[in-house]
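Engineer: Fold the following, please.
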Amino acid sequence: MPRLAALRLILVAIATGLWIAACQPSPPPTTEAPTPLAQGSGATGGVESELRLGVLLPATGDLSAIGQPMVKGIDFLVETVNACGGVLSKPIAYIKADDRTDPVAGTEAATKLVQVDNVGAIVGAFASSVSAAAISVAAPNKVVMVSPGSTSPVFTERAKKGELDKFWNRTAPPDTYQAAALANLAFKKGLKNVATIAINNDYGVGFERVFVETFEKLGGTITNKANPTRYDPKAATFEAEVRGALGSKPDGLAAILYPETGGAILKAAYEQGLLTGVQVLLTDGVQTEDFAQLVGKSPDGKLILAGALGTVPGADGKSLDTFAKAFQEKTNTALGAYVPHSYDAAALIAIAAEAAKSGRGEAIAAQLRTVANPPGEEVSDVCQALALAREGKEVNYQGASGNVDLDEFGDVQGSYDVWTFTDAGKIEVVDRVSS
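Structural biologist: The predicted model follows:
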């Protein structure tokens, strides 16, 4: 091509590109300009003079039905705190991110919260796989994470190795307790031969492992132990998985699932006639009324999951009734699973920042377990706790979800509610079981 013609083409391309760029709509204005994290300066997460709080929870994706009410719990906390003076004499700077129940999306969102929004602490994530990805961003940048629902035992193991320092904590107990509680429930119900099916991620596999160990110690048999059924949440169909789990004709099925994919799995099991005479055991991940509707009804109109039993970390804090009433009045939303744990996660961060006189992650981490644990004045009202912290007094926050005493690995212990689906598809708590 002649050089002059080539030059003309280049100039046309440049002009066209500039025109296209000029015609693109401007991004919508934001209510808050993010403060970039200083690169190469040794800066740590957060700023000294204010609390910048990030939220990393699923507004969309497989766990969104549970995640959305959890976010409302944190909204309620932030509104309550800001109305009684805020933290460090300023309103909490509050930045929300949707992790889409996906580790890749969660990593991207956590990176933005840490490196662009410059948060000092993050409430989240919910899915253990997302938290595992996000803590790899947060901890090296000295940003505190307090998860209201990531229950995989992997985090305890990593904390014991010293990998997470004090930057990882959670207000829901790990699955080492819940899985044992579900095994105790299965044995209490007279089940002897139980199959397992689990989502193939940190949450599912960790839960399954502890359930199997505990149920066998109680004297039960895991029918598919030699070939455990672990499903890919991105799979299109699950017929082979349910045949693998239920082909041995167990009297119970411990199903460690997420809602959307879990609904398809149990529906496939029913359609193949594999749930007849099988007691279905569920976990916290599917404790929504929508889940029962996903699985559906039998030809005679009966709910397939009516009578299924499940466990979920119980909320038994001294202030639970007061919190539940105030939350429902304010949001017109029923108090769902992990909502009290979400409120308490944000409350602990706020009180710790006030006690530290700093919004930086390192300072919050240094105070978080101090304000959660004895000694200190027991107080369940977050505004009262903040007032005590401002005066330099010791606080022992008592949460709506429980006493939220954090051990050296950032874990809490707790009891578990036993819940079921009624014939009408409603969730009803019928018992309590310990680990």
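Engineer: buried ones in stretch 334-348?
Structural biologist: For stretch 334-348, a neighbour-count test (16 or more other Cβ atoms under 10 Å) marks 335-348 as buried. Every residue, glycine included, has its C-beta placed from N, CA and C.
Engineer: ok, now stretch 90-104?
Structural biologist: So stretch 90-104, judged by 16+ other Cβ under 10 Å, has buried residues 91-103.
Engineer: so of those residues, which ones are in strands?
Structural biologist: 93-98 (DSSP state E).
Engineer: returning to that earlier point: any idea which of the buried residues of stretch 334-348 is closest to Val286?
Structural biologist: Among these, Ala337 lies closest to Val286 (Cβ to Cβ), at 9.6 Å.
Engineer: can you tell me which residues contact that closest one?
Structural biologist: Residues in contact with Ala337, defined by Cβ atoms under 8 Å, 6 or more residues apart in numbering, are 66, 284, 287-288, 312-313.
Engineer: In PyMOL, select just the buried ones from the residues you listed.
Structural biologist: Here is the PyMOL command that selects the buried residues among those (16+ other Cβ under 10 Å):
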select buried, resi 66+284+287+288+312+313
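Engineer: Now render the ones in strands among the buried residues of stretch 90-104 as TSV, adding pLDDT and distance to Gly359.
Structural biologist: Output for those, formatted as TSV (pLDDT from 0 to 100; distance: Cβ to Cβ, whole Å):
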residue	pLDDT	distance to Gly359
Ala93	98	8
Tyr94	98	12
Ile95	98	13
Lys96	98	17
Ala97	98	18
Asp98	98	23
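Engineer: Go through these and name the one nearest Lys318.
Structural biologist: Nearest to Lys318, judged by Cβ to Cβ, of those is Tyr94 at 26.5 Å.
Engineer: now that closest one: how far from Asn227?
Structural biologist: In this view, Tyr94 and Asn227 are 47 Å apart by Cβ to Cβ, to the nearest Å.
Engineer: tell me which element Cys383 falls in.
Structural biologist: Applying DSSP states H and E as the criterion places Cys383 in helix 382-390.
Engineer: same question, Arg158
Structural biologist: Going by DSSP H and E, Arg158 is in helix 154-160.
Engineer: Run through the neighbouring helices and strands of that helix.
Structural biologist: helix 128-138, strand 168-170 (3 or more Cβ pairs under 8 Å, 6 or more residues apart in numbering; DSSP states H and E).
Engineer: closest to Gly85 out of these?
Structural biologist: Ranking the helices and strands packed on helix 154-160 by proximity to Gly85 (Cβ to Cβ) places strand 168-170 first, at 24.6 Å.
Engineer: now the helix or strand just after that closest one and helix 128-138, what's the angle there?
Structural biologist: Downstream of strand 168-170, the next assigned helix or strand under DSSP H and E is helix 175-188. Orientation check (axes from the mean of the first three to the mean of the last three Cα atoms, to 10 degrees): helix 175-188 against helix 128-138 gives 170 degrees.
Engineer: Pull the residues that contact helix 175-188.
Structural biologist: For helix 175-188, the surrounding residues in contact (Cβ under 8 Å, 6+ apart) are 151-153, 156, 194, 203, 206-211, 214-215, 218-220, 252, 254, 279, 281, 283-284, 309, 311, 313, 413-416, 418, 431, 433-435.
Engineer: among the residues you listed, which are in helices?
Structural biologist: 156, 203, 206-211, 214-215 (DSSP state H).
Engineer: Just the buried residues of those residues.
Structural biologist: The neighbour count (16+ other Cβ under 10 Å) marks 156, 203, 206-211, 214-215 as buried among the ones in helices among the contacts of helix 175-188.
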